[in-house]
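>>> My questions are about this predicted structure, shown below with the sequence.
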Amino acid sequence: MRNLIKWFSRNNVAANFLMVSILAAGISTWVKLKKEIFPETSTSVVAVSVPYPGATPEEVEKGVCIPIEEAIRDLQGVDVMRSTAANSYGVVYVEVSSEFAVRDVLDDMKTRVDAIDNFAENIESPVYEEVLIKNQVLTIAISAETDELTLRGYADRIRDGMLSYVPPKPKTWLDGFLSSIGGVGGVSQVELSGIRPYEISIELSEDAMNAYSVSFDDVTNAVRASSIDLPGGAVRTEAGEILIKTESKRYNAEQFEKISVISRGDGTIVPLSRIANVIDGFEDIDLTSRFNGKNTVTLQVFRVGDEDTLKVAGAARDYLQTVKKELPSDVSVEIWNDNSRFLEGRLNLLKKNAIWGLILVLVILSLFLRPSLAILVTIGIPISFTGAIWMMPVTDISINMISLFAFILVLGIVVDDAIVVGENVYRRMRLGEDPKLASWRGTHEVGVVVIFGVLTTVAAFTPMLGISGVSGKIWRNIPWIVIPTLLFSLIQSKLILPSHLALLKPFKPDQEQNLFSRIQSKISQGMEKFVDKFYRPTLKLALRGRYLVVTIFISLFLISVGLIVGERIKWEFFPEVEAEIISTKIKMVEGVAFKTTSEAVSRVEEAANKLNQQYEKEFGKPLILNMLATVGSQPFKTGFTPITPKGDNLGEVAIELLPASERSVTARQLAAEWRKITGGIPGASEISFQSQSAGSGNAIDLELSGNNFEELLKATELVKRELNNIEGVIDISDSNVLGKRQVSLKSLLPEGESTGLKLSNVGIQMRQAFYGEEVQRLQRGRDEVKVMVRYPKENRVSIDDVEKMKIRTTRGDKVPLSALVKLEEGRSKSVIRRTERLRAIRIAADIDRGNPKANANQARRTLDQTTLSKFSEMFPGIKYEFYGEQKDQAQSMEELKSSSIFALLAVFVLMAIPLGSYIQPTIVMSVIPFGIVGAILGHILMGANISIMSMCGIVALSGVVVNDSLVLVDYVNRHRIKGSSVIEAAWEAGASRFRPIVLTSLTTFAGLSPMLFETDLQAKFLIPMAISLGFGILFATAITLFLVPCVYLLLEDVKSLFFRSDTIERWENKLRSEGAERLASYEDN
């Protein structure tokens, strides 16, 4: 290393080529990186889904979910198994163990499921997939006061046009170059939402069927036989091959109406139109959506693969500008929930903070060093940053909020090694040494401690790589930016910086100074005066009273820990990410009419309008930009299952707020006010107000599971009651949703048995009449359309219609259902959830963050003390487990704790090597607990809660704060080598290293200060980590300058108690002898 430093310091061209190569590689990589708000993550979850048309959740559970669970119960790689049974649909999810490849487990699961021979009849083919998190870019709302079919036509037209849209060619070569970089653009995935799927319904008339003596099966067979495309082979003629094909597929109502149901030899033909009403419409469910009060269909635009979020959004906007001109004036096409706008705003926010941090670092360096030296040190920042950017594709890191925050985090740290090198060279130049000689001697002199100082910081950031799960995949962005940045800063400070420092002009104290130089000189003199007049005397006093000083600092640490343990400082696992969407979810009591739910949703809409008017009066502008209301579904619903909840008793209203940078009120505050204005809703069993933001989900997320469903329900109600009694707990809900009223065919009556019918024959006829029989699936453009044969809707509206339905017997006559079968009324489940082959119910609740007494951890402890601790006695067969925030918290903290221990051991080893001692690293590391004191005091000063982000900052702090201590202890050793006493060496080392210690701390704090004092709500969740690192380093500066010398002497005192004076003297002589040889090498040319 010594010769390499010397060679580069004398070969400026080589150093410049190295610098330019790093810069060029980084810049060329930057323009190709994809941009996203949060890092893309995979779930390590695979799923098998099985459609079971017309089946109730209970039937799906028995006929689909349980057979699959039993088939894969002992499959290797299965960590957790869950299943969901809904109407007409079942899905089994498997969380894959980290030791196994997701694709291998999916293949094994497919093999097992395909071998199942006891599936229910009428199921469709299983679909296997790896569950991926979709990257939504924006949502387009197409609204008009028109019918559903017309609105869907506009939506299809816009979707198809957007997918095939080709942006216009760039007008200039510069535009072409700019459009060719920065990732892939264009729109490749668009999905419709808020509207029912297409369906062709053939509704049979009972009277017409009787008149023509036609059965249900006659109609379905005729449709299947007449609507068909069938290849017939080929005829090979002399002129060539001629293909033969039957082509009679029907695609619309008019074509289906012409199908012949009866064709007799006498020429009688009865078309389908005579016995049925063919409706080309939508699936037979109730679902409506309104956007800003108008009927709407929404299009969700997604980013796929390496597509660039901003480019996809740009292509979508460009197309909409074109198509809007072609649509009728009463059709509104609006963009909302635009993640690209959030991304752009947040990226700009972080860039602004980075630029201001860079400026502050440069200003501080310029005030204490020569401007030219300050500039050369600061140049290390872009070199280190571009080096890290160059490595981003290797570590699979994108441009996102977390990675950009990592650059801000390391902004002040990255120049620490360059400051130590530059200041040492500057010191030698002030003593009259030639710049070329001073550049390599000064670099080599501090080379070892600088290298190991950087390595300790690298070690301190590695624990974040040990966090698993989705959280770990997000936070890995920080170390994978910080670590390469620090390593490239080491290359810059050891190889590039010395060659530039060698070009500086020799130091001339008497040369004429300009205004800035005079200011800098005054500051420099002021610092030297401060050291001589204040620091030296105070340090001498502290060294004499070292036992008292150490006791005071230990007391401070214990008090700070007590503040956290005693919960004087509030703890939250994950700081809230400011939301731009607030949604209200409504669940009415079971059995209510769709109209009743619609009225409840309208009431919530009215409350939102009042809220908007209220804040418009106060702030002079509306805070709500758009509002989407849905009845019959909850598209924003998350947490229990990826399946979107649907039902006549479900509703949702989502509002889009002004960007966080343009308002002073938080989404949480608005949600609380919205809740207050809405008040109670008659007939609502649950109503919750949630902000759609990134985080760990609900503050309280508990799952109960067991075989006895009645006991499970009792346990659920007990837990919900206890949660309701805990102050600050809001939005309590559970996943057990009772479905609609149900009529079950239990058994044949004696009259039914006498007809020769089986219960299955009756069930099939019932299914055909009410659910319908699927006769075909058509592909119309991009849409799959079911063709269903069933009774008219007016014959399927009451229990009376069920009882009076005519069942065809084996003799051909028709008898009312109620005369043949025993009927039993009940209530079905809306969704059945299972975990590890047991029925499961998930209970969720949130914390009112506006309530100072609300605390998620305290609420969970209270619940455990009052209820959960007694569960084994009250409900022997019921298990419980926390999920969501608590599970993430326990897992992340445990992993962070384990990896932090290894990191501290690594720091110890990296300290011991350059110091050549097993004892002195403890002196260096003594600053770590007191850096934590600074972090805690910083949270108190800034009014912030301690969170997992704060803890990550504290872990990183442990590697940063030891750097100055390492340099200081190294200089104490140097002075002792030169013959100084221990107390003189400690005193002189503190004074000589005062400038670089203060400078490194100030630059680190300055780099973080724009983020620390950022008022934009978007940056709120990032600030705790900056507080821990910024204030921890600032406080640790005082610790380093006073505590470290005191601890050094304290350990010498301990040594003198256990060893004889002649032994200590022998060690001292050995230290001086070896040290003198090392110091001599620094002066060697």
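Received, thanks.

>>> Angles on the backbone of the most far-flung residue of the chain relative to its centre, please.
Distance to the chain centre peaks in the chain at D266, reaching 70.7 Å (criterion: CA atoms, centre = their mean). When read as degrees, to the nearest 10, the backbone of D266 gives phi -80, psi 10.

>>> So which elements touch the host helix or strand of E824?
E824 is part of strand 821-829, with elements assigned from DSSP states H and E. If contacts are counted by 3 or more CB pairs under 8 Å, 6 or more residues apart in numbering; DSSP states H and E, strand 821-829 sits against helix 57-60, strand 738-748, helix 799-804. Where C-beta positions appear, they are placed from N, C-alpha and C, glycine not excepted.

>>> What is the burial count for S44?
S44 has 21 neighbouring residues, counting by other CB atoms under 10 Å.

>>> That one: helix or strand, and which one exactly?
Using DSSP H and E, S44 falls within strand 42-51.

>>> Which positions within that strand qualify as buried?
43-51 (16 or more other CB atoms under 10 Å).

>>> Same check on stretch 188-203?
Buried residues in stretch 188-203, counting neighbours by 16+ other CB under 10 Å, are found at 188-190, 192-196, 198-203.

>>> Closest to S471 out of the residues you listed?
Q189 (26.5 Å; CB to CB).

>>> Could you double-check that the closest one lies in contact with G305?
No. With contact defined as CB atoms under 8 Å, Q189 does not count as touching G305 (9.8 Å).

>>> What's the end-to-end length of stretch 53-62?
This stretch, stretch 53-62, spans 14 Å end to end (CA to CA, to the nearest Å).

>>> same question but for stretch 37-54, I mixed them up
Terminal residues of stretch 37-54 are spaced 40 Å apart (CA to CA).

>>> In the stretch 51-200 of the chain, where is pLDDT below threshold?
Filtered on pLDDT under 70, the stretch 51-200 of the chain yields the residue ranges 168-185.

>>> run the last query once more with 80
Residues of the stretch 51-200 of the chain that meet the criterion pLDDT under 80 lie in 54, 87, 98, 121-122, 132-135, 166-186, 194.

>>> quick one, which of the helices and strands packed on strand 821-829 is packed in tightest?
Looking across the helices and strands packed on strand 821-829 with neighbours counted as mean count of other CB atoms under 10 Å, the highest average goes to helix 57-60: a mean of 21.

>>> Give me the residues contacting it.
The contact list for helix 57-60 (CB atoms under 8 Å, 6 or more residues apart in numbering) reads 52, 85-90, 120, 739, 828-832.

>>> Before we go further, T146 is sitting in a helix, right?
No. Applying DSSP: H, G, I helix; E, B strand; the rest coil, one finds T146 to be coil, outside a helix.

>>> So what's the residue count around it?
For T146, using other CB under 10 Å, the count is 15.

>>> Just list the residues touching it, thanks.
So T146 contacts 295, 330-331 (CB under 8 Å, 6+ apart).

>>> again with V363
Listed by CB under 8 Å, 6+ apart, the contact partners of V363 are A1006.

>>> And the buried residues of strand 42-51, which two are furthest apart?
Using CB to CB, the pair of those lying farthest apart is S44 and P51, separated by 25.0 Å.

>>> packing partners for the helix or strand encompassing T29?
Taking DSSP H and E as the definition, one finds T29 inside helix 12-30. If you count contacts as 3+ CB pairs under 8 Å, 6+ apart, helix 12-30 packs onto helix 2-9, helix 380-391, helix 477-491, helix 497-501.

>>> Point out the most buried one among the ones you listed.
Highest mean neighbour count among the helices and strands packed on helix 12-30 (mean count of other CB under 10 Å): helix 497-501, with a mean of 27.

>>> can you give me how far that helix is from the chain middle?
Here helix 497-501 is found 43 Å from its chain centre; the criterion is CA atoms, centre = their mean, to the nearest Å.

>>> How about stretch 561-573?
26 Å.

>>> same deal with stretch 80-100?
21 Å.

>>> all helices for the stretch 201-350 of the chain, in order.
In the stretch 201-350 of the chain, helices defined by DSSP state H, counting those that start in this stretch lie at 206-212, 216-226, 253-257, 309-324, 339-368, listed in chain order.

>>> who wins for proximity to A854 among the ones you listed?
Among the helices of the stretch 201-350 of the chain, the nearest to A854 by CB to CB is helix 339-368 (27.5 Å).

>>> got the contact list for the nearest residue to T867 once chain neighbours are set aside?
Distance criterion CB to CB, 6 or more residues apart in numbering; nearest residue to T867, sequence neighbours excluded, is E722 at 4.8 Å. Contacts for E722 (CB under 8 Å, 6+ apart) come out as 862-863, 866-867.

>>> Next secondary structure after the helix or strand E722 falls within?
Per DSSP H and E, E722 falls inside helix 709-724. Going down the chain from helix 709-724, the next helix or strand is strand 729-734, by DSSP H and E.

>>> elements contacting that following strand?
Contacts defined by 3+ CB pairs under 8 Å, 6+ apart place strand 729-734 against strand 684-691, helix 709-724, strand 838-847.

>>> Could you look over the ones you listed and pick the most buried one?
strand 838-847 (a mean of 22).

>>> what comes up buried for the helix or strand just after that strand?
Going down the chain from strand 838-847, the next helix or strand is helix 856-866, by DSSP H and E. For helix 856-866, a neighbour-count test (16+ other CB under 10 Å) marks 856-860, 862-863 as buried.

>>> Return helix 856-866 as CSV; C-alpha atoms alone will do.
Coordinates of each C-alpha in helix 856-866 appear next as CSV, following Å, rounded to 0.1, in the frame of the first residue of the first chain:
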residue,chain,number,x,y,z
ALA,A,856,-49.3,-0.4,20.3
ASN,A,857,-46.8,-2.3,22.5
GLN,A,858,-48.8,-1.4,25.6
ALA,A,859,-52.0,-2.4,24.0
ARG,A,860,-50.6,-5.8,23.1
ARG,A,861,-49.2,-6.3,26.6
THR,A,862,-52.6,-5.4,28.1
LEU,A,863,-54.4,-7.9,25.8
ASP,A,864,-51.9,-10.6,26.7
GLN,A,865,-52.4,-10.0,30.4
THR,A,866,-56.2,-9.8,30.4
